[in-house]
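S.K.: no FASTA, just this:
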């Protein structure tokens, strides 16, 4: 394994973990507030479609991102209405969102663009291209440090940097602000929050709104940054891997980042192993590596690596008085 | 009295049925085509079926019946509907039709059915298969002659024998012109999601590119778009599949491995409706029937040199003549190269 191989794999790791990280942080807000969200996948898919459709028509990636995030927020609010206001089962609300997204995106895509549910491919300004950080070109020839900076860290789309900046921001909001404290409290003991005169519903809606914004970013990343255009079901289960990462990280932002990086790394590894044989590792079937994120999560849930206990009030709609 | 009237009505009805049955048996029967999931305008497989049917309609001036299914559960229902309407032949493209057709075809022994890419062993079913390995061999030849790095790539969709057949033909073609060339083989996944995962497919193409590949062949359905896009972004070459995808990124898509589903549908409409010209059993169409091949049009003529086209045509002639044997992966699940 030479250095170039390692560097190109770490570069891919960042690209592949970005949508996971955004979706994982999205789920973190919602679940910390006591609303389980298995509809991450659906919201990302909606956003991916809306972003690609808008970008393809207007030719602007920013317009695509804006519409993608808006659609994702609206979807999140719909899910929130079912799970918070109407006190429906949160898991079923999430499943419904996933099914709605899969059907609606393909249907609208077919009606509007007549390409079997795909949007036209986007290119140029309709897509977030990679940005070169300052001095990346100059430092390229400096051994190790320069290469790490210019190849791994520089040269990603802006959404990648936004995703990683969201980690300290989320940690700060969650643990250093009044809003964060209330958000966590509403997920652990909504009764106490209510007694203190703070609206549980309002807080949960705020959390779901942030979830929508972040899922929208993740979706747009799929179709107009990493990819170029929408394809049917293009999120390919990433929303569920993000959910697994959230559990693995025990609902903590920094741990979530490392988990997403680990899952992204495993994905990059299985992709690279198919093209470059490595000693020992190549004897492992790629399917096993593909399954590792799930296996690790199950092992964690079974209690072998510490214990993952979610927010206490998670999954229970709040009823003020019986 | 009432009974008598009823009897008369029944007799008239029976007579009417006999007439319409007679009509169904003659040239008045309309052919029908049913599209697979993915839809009529998928820029690939299904659109190709539609084009074949349209070609037939324009030539004969007659109309055909068509239907797009929305989910797997509609398969049997769709075939049964056309068969009971008296459509003949009923044509469907896609290996997923096998089970449903097996059930319905047995119920309608008088109707002729055609399945493309699948095999149903019944006396009223014609199963059309393509020689994907020989077509892939030709694009392998073109890829190897284009490559300057001596490394080429292959990104498959779902890891199934049919896709290994594409790979194996491609690798054999590449090694035939350059025995030292390295062919990187990769698959997007092991579930049907692998047909619609352009992101992973694009990453696979990038990994192949990082490992030195400068031409990557995508046999991955909708995921292939990710490969074509990635290779265009990297300023390298890609090869499309099924339909002619040369126009997608002119200057980057070297060629496309054509699978002429349109020709298969056209021929079925021409021949399968009539008992005299209907050929039940397995029909394999390959290079000599122009059923598979490489695409050459205004979008890639600058990329393919005369020398390359000559080599591809030479191999094509020799494969048809039987001088060059291309191994078919699906016969024994192994690839000699």
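M.R.: It's in. Predicted model, so just to flag it, every value in this text is computed and none were measured.
S.K.: In the stretch 151-300 of chain A, what residue comes closest to chain B?
M.R.: residue A:274 (3.7 Å; Cβ to the nearest Cβ). (Each C-beta comes from the backbone N, C-alpha and C, glycine too.)
S.K.: any idea how far residue B:203 is from that residue?
M.R.: From residue A:274 over to residue B:203 the distance is 10 Å, taken as Cβ to Cβ, to the nearest Å.
S.K.: Show the contacting residues for the residue nearest to residue B:291 when sequence neighbours are not counted.
M.R.: For residue B:291, the nearest residue in space outside its immediate sequence neighbours is residue B:285; the separation is 3.2 Å by Cβ to Cβ, 6 or more residues apart in numbering or on different chains. Listed by Cβ atoms under 8 Å, 6 or more residues apart in numbering or on different chains, the contact set of residue B:285 reads B:128, B:129, B:130, B:131, B:260, B:263, B:264, B:291, B:292.
S.K.: repeat that with 10 Å
M.R.: B:116, B:128, B:129, B:130, B:131, B:259, B:260, B:263, B:264, B:267, B:291, B:292 (Cβ atoms under 10 Å, 6 or more residues apart in numbering or on different chains).
S.K.: Now do the same for the third one: helix, strand or coil?
M.R.: Okay, so that is residue B:129. Recorded secondary structure, residue B:129: strand (DSSP: H, G, I helix; E, B strand; the rest coil).
S.K.: before we move on, back to that, list residues touching both of residue A:274 and residue B:203?
M.R.: In the contact map built from Cβ under 10 Å, 6+ apart, the residues linked to both residue A:274 and residue B:203 are B:155, B:186, B:188.
S.K.: helices and strands around the helix or strand hosting the last one, which ones?
M.R.: What it means is residue B:188. Counting by DSSP states H and E, the secondary-structure element that holds residue B:188 is strand B:182-189. With contacts defined as 3 or more Cβ pairs under 10 Å, 6 or more residues apart in numbering or on different chains; DSSP states H and E, the packing partners of strand B:182-189 are helix A:253-275, helix A:286-301, helix B:132-146, strand B:151-158, helix B:161-177, helix B:198-210, strand B:215-219, helix B:224-233.
S.K.: What residues of the longest helix along chain A count as buried?
M.R.: Among the elements of type helix in chain A, defined by DSSP state H, the one spanning the most residues is helix A:3-32. Buried residues in helix A:3-32, counting neighbours by 16 or more other Cβ atoms under 10 Å in any protein chain shown, are found at A:7-32.
S.K.: Likewise for stretch B:227-237?
M.R.: Judged by neighbour count using 16+ other Cβ under 10 Å, the buried positions of stretch B:227-237 are B:227, B:228, B:229, B:230, B:231, B:232, B:233, B:234, B:236, B:237.
S.K.: Among those, which one lies nearest to chain A?
M.R.: Distance from chain A was checked for each of those by Cβ to the nearest Cβ. The minimum falls on residue B:229, at 4.6 Å.
S.K.: For the residue nearest to that closest one when sequence neighbours are not counted, give me its contacts.
M.R.: Counting by Cβ to Cβ, 6+ apart, residue B:229 lies nearest to residue A:228, which is 4.6 Å off, once chain neighbours are set aside. Contacts of residue A:228 were listed using Cβ under 10 Å, 6+ apart, and they are A:52, A:55-56, A:119-124, A:126-127, B:198, B:202, B:225-226, B:228-230, B:232-233.
S.K.: Quick one: buried ones out of those residues?
M.R.: Neighbour-count burial (16+ other Cβ under 10 Å) applied to the contacts of residue A:228 gives A:52, A:55-56, A:119-123, A:126-127, B:198, B:202, B:225-226, B:228-230, B:232-233.
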